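Asker: Show me the folded form of this:
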Amino acid sequence: MRNKKVIVGFSGGADSAAAALILKNKGYEVLGVTFDFFGDEPLLKKASALAKKIGIRHECIKRQLEFREKVIKPFISEYLRGYTPNPCVRCDAVMKFRGLMAYANEKEAEFIATGHYLRLEKRHGQVQIKTSADSRKDQSYYLYTLDQEYLSRLIFPLSAFQSKDAVRAFLEKEGIALPKSEESQGICFIPDGNYARFIKKETPLMPEGRFRDRFGKILGSHNGFYHYTVGQKRGVPAISGKKYVVTALRPEINEVILGEESDLYQKKIFLKELHFIDGSLYSGEIQFKVCRWGYLYQGTLHLSGDHRGYLECEEAVRAPMPGQSAVFYDRDTLLGGGIIEYK
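Answerer: Next up is the predicted model:
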């Protein structure tokens, strides 16, 4: 091995600790890096103390302003356009992996590593991402924007582990005991999951808007379209005894369109910013998900130029939300993806 220096994304949790320790045990020179997105001093101290216990060098890099400009502000902007953006995809692409690569270049490290439960496999000269054996830990959905430049230098040390319990058992065997904590399943900068309250704090007061059906009939009023997303039932009023679901948003006039559950199902999904990990732009039969834990659908991808296209789905998909990602697979291989858009 020409260069055994590796930069590890080090959050101070069990996964990143195990990743760093595995690489150290294999003889790599390990440097753990914690990106400070929020000025969370207790988290930074925890990560620093754990790195010392493992016996690796550690650095914290302040990125609060950049995180706000590149992740939080685009999230707000898209939300106010009636989209339901996925900031985790954007964060992984423009903050975490780009940051690790830049730091690796600065420190003349050949490799970068993270605590994802994924596998890498080289085939036909291309590095492929394989999904996790434990579907609960599979995060491949968020990594479809990576390309060969990143994958050729990336290591996933936890590829051999089947579960979080196995990782904890490994750490305990190595003398590293960490308290169990609940894993975050939502957006890191909205820890309570209340997107509407977050948007309301960040934007001017919005006037009262209208609920309408798809024919234009007024069904009632609401206090801002950003309280709703396509497919939502909770918080939607029953009118004249009839239950409704959100089928569309019209942010430019602050209106929420209500309809029936059957109105949500679509067999054609339009996409922008298409990207394939191998650098190609593929069209034809493909498998895809519209959320991390979602069902693996079958469909056909058609290209329409300018990295846009559309999916023709074999079975109708419930509420594919503009702003979310449709991510492509070939069984257990991540292929790429694109962002769902209005049409």
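
Asker: so how far does stretch 93-112 reach from one end to the other?
Answerer: Length of stretch 93-112, first residue to last, Cα to Cα, to the nearest Å: 14 Å.

Asker: buried sites along it?
Answerer: Going by neighbour count (16 or more other Cβ atoms under 10 Å), the buried part of stretch 93-112 is 93-97, 99-101, 103-104, 109-112. The way it works is simple: take the backbone N, C-alpha and C, and place the C-beta from them, glycine included.

Asker: residues in contact with it?
Answerer: 2-9, 28, 31, 33, 35, 37, 61, 63, 66-67, 70-71, 114, 145-146, 149-150, 153-155 (Cβ atoms under 8 Å, 6 or more residues apart in numbering).

Asker: Restricted to helices, list these.
Answerer: Residues of the contacts of stretch 93-112 located in helices (DSSP state H): Glu66, Phe67, Glu149, Tyr150.

Asker: what is the rounded mean pLDDT of the top helix by length along the chain?
Answerer: Across the chain, the longest stretch assigned as helix under DSSP H is helix 41-54. Helix 41-54 comes out with an average pLDDT of 94.

Asker: ditto for stretch 203-219
Answerer: Mean predicted lDDT for stretch 203-219 stands at 91.

Asker: In that stretch, which residues are buried?
Answerer: Met206, Gly209, Arg210, Phe211, Arg212, Asp213, Leu219.

Asker: element containing the fourth one?
Answerer: Element membership for Phe211 (DSSP states H and E) is strand 209-213.

Asker: Only alpha carbons, please: show that strand as CSV.
Answerer: Only the C-alpha atoms of strand 209-213 are listed here, as CSV (Å, rounded to 0.1, in the frame of the first residue of the first chain):
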residue,chain,number,x,y,z
GLY,A,209,-54.5,30.7,2.8
ARG,A,210,-57.2,28.5,1.3
PHE,A,211,-57.9,24.8,1.0
ARG,A,212,-59.4,24.0,-2.4
ASP,A,213,-60.4,20.8,-4.2
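
Asker: partners of the next helix or strand after that strand in the sheet?
Answerer: Helices and strands here follow DSSP H and E; after strand 209-213, the next one along the chain is strand 218-222. If you go by DSSP bridges, strand 218-222 pairs up with strand 209-213 (antiparallel).
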